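Peer 1: got a predicted structure here, sequence first:
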Number of protein chains: 2
Amino acid sequence: MLKIALAQLSYHTGNFQSNTQKMLLAIEKAKAEHADIIVFAELATCGYPARDFLEFSDFVRLSQESVNTLADACRGITAIVGSPIPNPELKGKDLFNAALVLENGVVAASVAKTLLPNYDIFDEYRYFEPNKEFHLVNIKGHSIAITVCEDLWNVDENPMYRMSPMDELMPLQPELIINIAASPYSSKQIQQRKHVLKTNCQRYGLSLVYVNHIGAQTHQVFDGGSMVWNQDAALVEELAYFEEDFRVVDFKSEQGKLTPLGSAKTHNQAPSKYEGMEAALTLGIRQYFQKLGFKKAIIGLSGGVDSALVTYLAAKALGPENVQTLLLPSQFSSEHSISDSIQLCKNLGVSYEEIPIQEVVNSVENTLKPFFEGTKTDITEENIQSRTRAILLMAMSNKFGYILLNTSNKSELAVGYGTLYGDMCGGLSVIGDVYKTEVYELCRHINRVGELIPENILTKEPSAELRPDQKDSDSLPPYPLLDAILYAYIEEHLGPSEIVSRGYDEALVKRILRMVNMNEWKRWQAPPTIRVSTRAFGPGRRVPISGKYLG
Amino acid sequence: MLKIALAQLSYHTGNFQSNTQKMLLAIEKAKAEHADIIVFAELATCGYPARDFLEFSDFVRLSQESVNTLADACRGITAIVGSPIPNPELKGKDLFNAALVLENGVVAASVAKTLLPNYDIFDEYRYFEPNKEFHLVNIKGHSIAITVCEDLWNVDENPMYRMSPMDELMPLQPELIINIAASPYSSKQIQQRKHVLKTNCQRYGLSLVYVNHIGAQTHQVFDGGSMVWNQDAALVEELAYFEEDFRVVDFKSEQGKLTPLGSAKTHNQAPSKYEGMEAALTLGIRQYFQKLGFKKAIIGLSGGVDSALVTYLAAKALGPENVQTLLLPSQFSSEHSISDSIQLCKNLGVSYEEIPIQEVVNSVENTLKPFFEGTKTDITEENIQSRTRAILLMAMSNKFGYILLNTSNKSELAVGYGTLYGDMCGGLSVIGDVYKTEVYELCRHINRVGELIPENILTKEPSAELRPDQKDSDSLPPYPLLDAILYAYIEEHLGPSEIVSRGYDEALVKRILRMVNMNEWKRWQAPPTIRVSTRAFGPGRRVPISGKYLG
């Protein structure tokens, strides 16, 4: 019998003291439960992603100090811990992304990551040399195949890499696969992850222990869901999603393999699309504030669905007492923009203040009158309103220590339907990776327990209310149509002719794709956006500003 | 005798029509000069960097169409052209970064790039599979080692890669090295590039033809400086810096090697540090406007050195008639802030308007009075002034079609000494990669021909003028000291103890490094910054916002 503890923890990038302390507590807990092995996540010492902090040898030294502290606590127990380690060879990148095996006060063995993801939000080849030597690790007399995250992911029909580490390790006859991971959430990731892990168990006929991160690192959310699979490719343990968790699992040894006790899980514990999205966005807000040392958020309420959703999520993440909303009406604001917002605040228990913007707008227009005389009213005047709201929100933020939450959705960010330095302001974009049609779906999901978001906000026609009787549909196609074309371009990477071949109008497709590309300059300056899709704006999507493709 | 034409061109990412047209003209010119071979730069068909456009098969298809058009023009001449090509194997990334050999209407041969830079601003491993097979290319009976940019760069004592392509090619007995490149400018790059090319000639005893890009792609500037070296490692041809150029060079064949005619250059044609910086920033502005289809810039003039320098550079890049400046005084503005700015505009021949901001500031403060009553004046009121200026500049920009140029320098961006959505606004950050001490040096360099930037702007003490008698030195150490510490941290990647060991005060070092890390959230939303150093803020420096390292 072998007892393996899965420690699913939330780490803080670069906060070595806090990360080490958490791991030490988990080691003590595992010892108390008589575990033989405790498994932590990938790059647990320094947090993931550490990004260019990894280029500082000082930062790597601090990671190694954490390793030493942890090793010292490993007496009578073996820990598997992810940490960056120097590449001892002169040739190649300076670091390995390693799984370290700690026992009896020392680093007894190490395994470096072979497959380094370098797509979407991932930049691992920027820092790490890929492993080229394969060996099993002997722990308590068992031969274990230790792999690091992506090492198990080269199972597609169109493989991204030329080899698979498990193919190299199988001739050495491992008894079990352990995978330490930093696998971020997206609405499709949980299903995909289970498919990949199951495929490995099937292909290699081995059981699998998988330990993931949970927590948010600015724009990236890690959803946890650590797992144990048996050699029949059945899921036998599944840890919590979006929270820390800890579990000790018993393994029996027979016929040269380690097999978890317990039978296959019969119900799916993984969250549905909108459960997951709500949990990810909430965790994203909460940890952004915690990690930066802030408590309170401020949000501009327009009466529309986007700011309503963000207010709900902020109240859930931070507590309604930590959310301040501002109603910032202009002469073009409808009555319901105020009444619906007030109803929302009452439903959620968050406070609101009303600050009319007209005096400031008038002073700006008056100041510019000598220059604007004889010109026509255009987008300029709309932007002045939006930027006036931003000045007022940021002033309240500066004076009282709020973080302004941005309320732009993915559809409007995509086509540039927003004002830079206006409604595009904020420390964090909460729903910038949620299409408008998904915003409505998510609100409906939230309202399944009662009318938290007022029905009128969900049924009225979307409007920016920056000129008389303005409607989003004056400038944009209906959102279901817009979102379908955007999804094909942004998530599926289809070109114009491929999208048109799906039956969409050619002129419309070209207009929309052109809008997406032309507004790259705006998105460059957008706040970090919590990622929930397979392709979020920000570091996971890198597009030239001054390019001409489809422009 | 073999005649090789070097075509140093400015490409526009994704603008296949324009890029192809330029290359066709160059082919005609080379034919007229009886060249046997014409060499273009790396990824010339699609432009560099194409970034995630490379993930669209439609984009790759358009690149291939360009290749076909170019091949069709190659009758009696051979062209070497950089272009992305599909990886025919299922395994690995979907593309190669290739040098294609075009002759008689077809792609006669191709060589893929082996060493894929994936550091700083480079993300090539995101898109490309590295080459693993090595062969020479036969052109007109000569065996040529064709390499792509980084392929020649693994010559350091601490090599970033495990191998060097030329080591693989040497046993095949090449007669000449040709390298097609996309090597961006930095103030140290020209010297480094010559060192690398010279080292290759020395190590392999071969002559070398090197063709680089020129032009700006938003934040990246390519400086050209294509070269021909002989097998004695002497530089015999050096094309222009920061402009397009074309040259046909004669090679003689003897003892199995191709050697350029002509003797070693006796004078250094490469620009000095501040010549290069001025040229790079000017080209960066000019092509940003050209490629986005804009003509006119607007700049807020504070009376300080940063906005003065940006105005000079904009006037040089766009013509003084295309630069509009605004003087935006508040109650805290000094008299000289106006008079110095006016003098600057007169010296440069750019127009200015004066727009006092007090009415707008008053209206904002009046609107917020019910909330701010009883609070102390603090940074909030300073930010209101800065953001008011931004509203006015952006309104003028929106109404009249100007692009607002940002005037933040690298020192203040580093420590967060600026207002987000205020003076941090703009479509392009012109000097965000130039330290404050370098700003002064560059101004002195510019003024060597006469007092273009008024002397008083260069000698008065720096101030943001956001409160009575404010000076930068109230909040920051003297700039020479600040910049030295920033350089050690940002460019040299030294940790706190390493910097202290250079003799700086420990508390000061820690305070400055903490300021740099704490202001990552502001820089995330900064405009794209023209890169002139070895480590610019933006995509070349990727640091967590919610991390805790040194925070």
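Peer 2: Ah, there it is. All values derive from a computational prediction rather than experimental measurement.
Peer 1: from here on, contacts and neighbour counts on C-alpha atoms
Peer 2: Noted.
Peer 1: chain B contacts on the stretch 1-150 of chain A?
Peer 2: Residues of the stretch 1-150 of chain A lying close to chain B (CA under 8 Å from any CA of the partner chain) are A:12-15, A:49-53, A:55-59, A:90-94, A:118-119, A:123, A:125-127.
Peer 1: 6 Å instead, please
Peer 2: A:13-15, A:51-52, A:56, A:58, A:90-93, A:118-119, A:126 (CA under 6 Å from any CA of the partner chain).
Peer 1: can you select the buried ones among the residues you listed for me in ChimeraX?
Peer 2: The buried subset of the residues of the stretch 1-150 of chain A next to chain B, as determined by 16 or more other CA atoms under 10 Å in any protein chain shown, is captured in ChimeraX by this line:
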select /A:13,14,15,51,52,58,91,92,93,118,119,126
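Peer 1: now, which of the residues of the stretch 1-150 of chain A next to chain B lie within helices?
Peer 2: A:Asp58 (DSSP state H).
Peer 1: pull the most distant pair out of the residues of the stretch 1-150 of chain A next to chain B.
Peer 2: A:Asn15 and A:Lys91 (30.1 Å; CA to CA).
Peer 1: in a strand, A:Lys316, correct?
Peer 2: No: applying DSSP: H, G, I helix; E, B strand; the rest coil, one finds A:Lys316 to be helix, outside a strand.
Peer 1: ok, it to B:Leu405 distance?
Peer 2: 40 Å (CA to CA, to the nearest Å).
Peer 1: what's the answer for A:Tyr11, then?
Peer 2: 39 Å.
Peer 1: buried stuff in the helix or strand A:Asp483 falls within?
Peer 2: According to DSSP states H and E, A:Asp483 maps onto helix A:479-490. Neighbour counts over helix A:479-490 (16+ other CA under 10 Å) mark A:479, A:482-483, A:485-486, A:488-490 as buried.
Peer 1: so which of those comes closest to chain B?
Peer 2: Lowest distance from chain B to these (CA to the nearest CA) belongs to A:Tyr489, with 9.0 Å.
Peer 1: so between A:Lys316 and B:Leu405, which is more surrounded?
Peer 2: Between A:Lys316 and B:Leu405, counted using other CA atoms under 10 Å in any protein chain shown, the more crowded position is B:Leu405 (25 against 20).
Peer 1: now render the residues of the stretch 1-150 of chain A next to chain B as CSV, adding distance to B:Ala145 and pLDDT.
Peer 2: Formatted as CSV, those follow (distance: CA to CA, whole Å; pLDDT from 0 to 100):
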residue, distance to B:Ala145, pLDDT
A:Thr13, 45, 97
A:Gly14, 45, 96
A:Asn15, 49, 97
A:Arg51, 36, 96
A:Asp52, 35, 97
A:Phe56, 37, 96
A:Asp58, 41, 95
A:Leu90, 27, 91
A:Lys91, 23, 94
A:Gly92, 23, 95
A:Lys93, 26, 96
A:Asn118, 29, 97
A:Tyr119, 31, 96
A:Arg126, 28, 98
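Peer 1: for the residues of the stretch 1-150 of chain A next to chain B, which one is nearest B:Pro496?
Peer 2: Out of these, the member with the shortest distance to B:Pro496 (by CA to CA) is A:Asp58, at 7.9 Å.
Peer 1: now the residue found closest to the closest one once you drop the neighbours it is linked to in the chain, what are its backbone angles?
Peer 2: Nearest in space to A:Asp58, with sequence neighbours left out and distances taken as CA to CA, 6 or more residues apart in numbering or on different chains, is B:Gly495 at 5.3 Å. For B:Gly495, the backbone dihedrals (degrees, to the nearest 10) come out as phi -80, psi 170.
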